[in-house]
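# Build the 3D model from these lines:
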Amino acid sequence: MAYEVIEEDGVRYAEIIWANTEVEITKFYSPAESSLQFGLLAHEAGFVEPPHYHHPVKREINDLQQMLVVQRGVVAIDFFRPDGSRLREVVLKVGDAINLIDGVHSVRVIEDMQCVSVKQGPFLGDKLDKVNVDTK
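As a prediction, this is how the structure comes out:
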């Protein structure tokens, strides 16, 4: 399995790019309208991207997605349905990447880990950016 979507009842919980995924050319998996684009860059040796910058375009973002790339250790992500029941567990190892998109999730560290974490800013603090949920 190279790329996986966790989805149920129209809720896209997450996208996963497993560490063994290889692409011949750059491929983005997220829908074009997603507020965080998730994919793989791939180029042959000798490729040079010309110097550039990105247009400052005002964007309105109403969700908060978070991408994790495991650099060390093992981490489990649990996903929960709106009723609080557990939907699924995903165990991530070194090189695996996940984009947490929507829905309730929790993070459990199985082996001491370090992850790259990317999410939209600005960070408004745990009280405004995070809602704890009781699950079954």
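# For this structure, give me the ranges with low pLDDT.
Along the chain, segments meeting pLDDT under 70 span 1.
# again, only using 90
Flagging of the chain using pLDDT under 90 yields the residue ranges 1-2, 32, 59-64, 119-136.
# which residues in it form helices?
126-129 (DSSP state H).
# most centrally placed residue in this structure?
Central residue of the chain (Cα atoms, centre = their mean): residue 99, 1.0 Å from the mean position.
# gap between that one and residue 134?
25 Å (Cβ to Cβ, to the nearest Å). In short, each C-beta sits where N, CA and C put it, glycine included.
# Which residue comes closest to residue 5 once chain neighbours are left out?
Among residues not flanking residue 5 along the chain, residue 15 sits closest, at 5.5 Å (Cβ to Cβ, 6 or more residues apart in numbering).
# ah, wrong one, I meant residue 73
Of all residues not flanking residue 73 in the chain, residue 113 sits nearest, at 3.0 Å (Cβ to Cβ, 6+ apart).
# What of residue 2?
Using Cβ to Cβ, 6+ apart, the closest residue to residue 2 is residue 21 (4.0 Å).
# so who does that neighbour touch?
2-3, 40 (Cβ atoms under 8 Å, 6 or more residues apart in numbering).
# before we move on, what about residue 67?
Counting by Cβ under 8 Å, 6+ apart, the residues that residue 67 touches are 36, 38, 97-100, 116-119.
# List buried residues within those residues.
Buried by 16 or more other Cβ atoms under 10 Å: 36, 38, 97-100, out of these.
# And the strands in the protein, which stretches?
All strands of the chain, identified by DSSP state E, fall at 3-8, 11-17, 27-28, 39-40, 66-80, 86-92, 97-100, 104-119.
# Please consider this matter closed, and thank you.
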